[in-house]
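> One predicted model, sequence on top.
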Amino acid sequence: MKIVIIGQAAFGRSVMEAITDAGKDEIAGVFLPLDREGRPADPLKDGAIERSIPVFQHGRYRSEEAIEAFKALDADLCVMAFVTDIVPDEMIEAPGLGTIQYHPSLLPKHRGPSSINWPIIQGETKTGLSIFWPDKGLDTGPILLQKEVEIGPDDTLGSIYFDSLYPMGVEAMVEAIDMVRDGAAPRIVQDESQATYESWAKAEDGVVDWSQPAADVYNLIRGCNPQPGASTTHDGETLKLFDAERLNGPLDAVPGTVTEITDTDVTVAASGGQILLKRVQPPESRKIPATEWAAQTGLQVGEVLGG
């Protein structure tokens, strides 16, 4: 088949390389966002140039220039691998065999742009990925295939993506392309009664309420690690929270109280337990060990965070 890729970043490059390494199809071109001033070239762009694959960067995919360039390639299949801009119907519907897209959740659950964060934040124990046929809705098209992933009790956004959803997603894309080529790719209509949607997980969504159950606080921290980062306040300044652990059990302390400072972590009270902070990010700083931050600020047991 003649394939066109719309995508970006390391994931887009990995999908492109997996398709070319399989040696079954031709990649006629890759479409990706414009270069950002002062930033390195997109990994997908670098990979395409290395393999002599034409690169197309028109700004918005909805521009007439982008649409005409896409149609001129006369692709059999479009593969969307990490797309954050709106792709117009003219592109989605142009290839003879259609368009398939990767989404990191078990659709129809967790439609939307932060679909890895929210299952963790909400305390779910499994998630997964979907390869689907995009339509006019947002993540609403028929399912081609899905893969499940267990969310471990200490998994973070980073571990779920890089250890599971990224490599499995690349493999699933290649599997889906094989199914399309073989004429064996299903179109399973999504069950709208099970559909959920969440928008971007933003910094304000990650603000910790220490009066909440320790399990919920911990889920929020790990679901925002590394992006957008959960946060609390100390002396009126925002403190971002990254690596952490949870301790269960009743505790006679006001939520948010610093209960212990050791050589390895800073312990903070929450409802029904405690959170051990291991890595944090103060304002205008890199991420540092929580104990280093405690030493820098003169933090004392008994101080209350988030007040």
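That came through, no problem.
> And the residue lying closest to residue 9 once chain neighbours are set aside, how far from residue 278?
Sequence neighbours aside, residue 82 is the residue nearest to residue 9 in space, at 5.3 Å (criterion: CB to CB, 6 or more residues apart in numbering). Quick note: C-beta positions are derived from backbone N, CA and C, even for glycine. Residue 82 sits 30 Å away from residue 278, going by CB to CB, to the nearest Å.
> what's the neighbour count on the residue nearest to residue 9?
By the criterion of other CB atoms under 10 Å, residue 82 has 22 neighbours.
> tell me the domain ranges of this structure?
Per automatic domain parsing, the structural domains of the chain span 2-194, 203-297.
> Can I get those in CSV including distance to residue 303?
Shown next, in CSV, are the domains of the chain (distance: least, CB to CB, whole Å):
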stretch, distance to residue 303
domain 2-194, 26
domain 203-297, 5
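> can you put those domains in CSV and add mean pLDDT?
Listed next are those as CSV, based on pLDDT from 0 to 100:
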stretch, mean pLDDT
domain 2-194, 97
domain 203-297, 96
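> and residue 306, which of those is closest to it?
Closest approach to residue 306 among the domains of the chain (CB to CB): domain 203-297, 4.5 Å.
> so how far is the first residue of the closest one from its last?
Terminal residues of domain 203-297 are spaced 23 Å apart (CA to CA, to the nearest Å).
> The stretch 151-300 of the chain: strands as residue ranges?
230-234, 237-241, 244-248, 258-261, 266-270, 273-277, 279-281, 288-289 (DSSP state E, counting those that start in this stretch).
> Tell me which of these sits most buried.
strand 266-270 (a mean of 24; mean count of other CB atoms under 10 Å).
> Specify the angle between that one and strand 237-241 in degrees.
Counting by axes from the mean of the first three to the mean of the last three CA atoms, to 10 degrees, strand 266-270 points 100 degrees away from the direction of strand 237-241.
> I'd like to know how many residues surround residue 170.
With other CB under 10 Å as criterion, residue 170 counts 20.
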